[in-house]
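[1] What follows is a predicted structure for the sequence shown.
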Amino acid sequence: MRVKRNWLAWTIVSLLVVTCCALTLWLVVRHDQRLSIGEELVYDDFGFRVRSVREAHEVGPTDARIAAGSGSTFEIVRFEVENHARRVDYDMSNHHAVLEDSIGHTYTVDEDATRALARETHAIESPAKIRAGDFTSSDLVFRVPDAATTLRLRVKWNSEPMAGLDIAVFGDRTIVLQR
């Protein structure tokens with residue numbers, strides 16, 4: 001009976017030590033990042049950067065303009081994805097960009113306005129995959145209320161468990177846009 005209690009005590013102590021070590025490691029690794037326009041947000045071998053931001057009330061070719069609407073503005077974000085890997089392609093379907101404001105509202109890409117802007121500027125569509133060592137840049141259009149302040153761009157993984165794990169382990173990482 002004494003051996004069984006001794007084993008149980010050592011198991012509990014070992015679990016406590018492992019838990020304390022894991023928490024300490026988590027506190028050392030995890031840190032929030034607030035980057036500025038032009039700075040690169042790096043995930044492993046893949047980098048994400050906002051090159052520029054501009055506002056517009058309408059986008060699209062002259063014969064098919066799309067308006068942001070009353071009380072809204074289009075935020076046009078030049079977004080760049082770079083593959084720093086030497087051998088591995090990056091699948092663009094792994095992530096999407098969202099804007100967040102100071103009170104936590106999330107704004108997704110306005111697909112219709114983004115396509116209209118691409119027709120206006122004769123932009124080439126981004127590839128589905130980025131070859132090793134290559135990058136791509138595109139304009140993303142977000143419809144944002146005029147009252148929204150302190151906009152931040154977040155690279156969000158398409159897998160919800162992965163997105164939650166990313167924030168929990170690596171911290172809250174966003175690019176601050178001027179507004």
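    The structure has been received and is ready for your questions. Residues are numbered from 1 along each chain as shown.
[2] residues touching the residue nearest the centre of the chain, list them.
    Centroid-nearest residue in the chain, with Cα atoms, centre = their mean: residue 155, separated by 0.7 Å. Counting by Cβ atoms under 8 Å, 6 or more residues apart in numbering, residue 155 touches 41, 43, 48, 95-97, 173. (Glycine included, C-beta is placed from N, CA and C.)
[3] Can you tell me which of those residues is nearest residue 159?
    Checking the contacts of residue 155 against residue 159 with Cβ to Cβ, the nearest one is residue 95 at 9.7 Å.
[4] mind giving me the domain split of this structure?
    The record's domain parsing of the chain by automatic domain parsing lists 1-30, 32-176.
[5] Where among those is average confidence lowest?
    Mean pLDDT values for these show the minimum at domain 1-30, a mean of 73.
[6] What are the boundaries of the strands in this protein?
    33-35, 40-43, 46-56, 58-59, 66-67, 72-83, 90-91, 95-100, 106-107, 129-130, 135-145, 152-157, 173-176 (DSSP state E).
[7] Run through the neighbouring helices and strands of the last one.
    If you count contacts as 3 or more Cβ pairs under 8 Å, 6 or more residues apart in numbering; DSSP states H and E, strand 173-176 packs onto strand 33-35, strand 40-43, strand 46-56, strand 152-157.
[8] Report the buried residues of it.
    Of the residues in strand 173-176, 173-175 count as buried by neighbour count, 16 or more other Cβ atoms under 10 Å.
[9] what's the answer for the first one, then?
    Judged by neighbour count (16+ other Cβ under 10 Å), strand 33-35 contains these buried residues: residue 35.
[10] Next: the third one.
    Neighbour-count burial for strand 46-56, counted by 16+ other Cβ under 10 Å, picks out 46-50, 53, 56.
[11] And for the second one?
    When neighbours are counted by 16+ other Cβ under 10 Å, the buried residues of strand 40-43 are found to be residue 41.
[12] what lines up beside it in the sheet?
    Strand 40-43 has the following strand partners under DSSP bridges: strand 46-56 (antiparallel).
[13] Compute the inter-axis angle for the strand it pairs with and strand 152-157.
    Going by axes from the mean of the first three to the mean of the last three Cα atoms, to 10 degrees, strand 46-56 is angled at 140 degrees with respect to strand 152-157.
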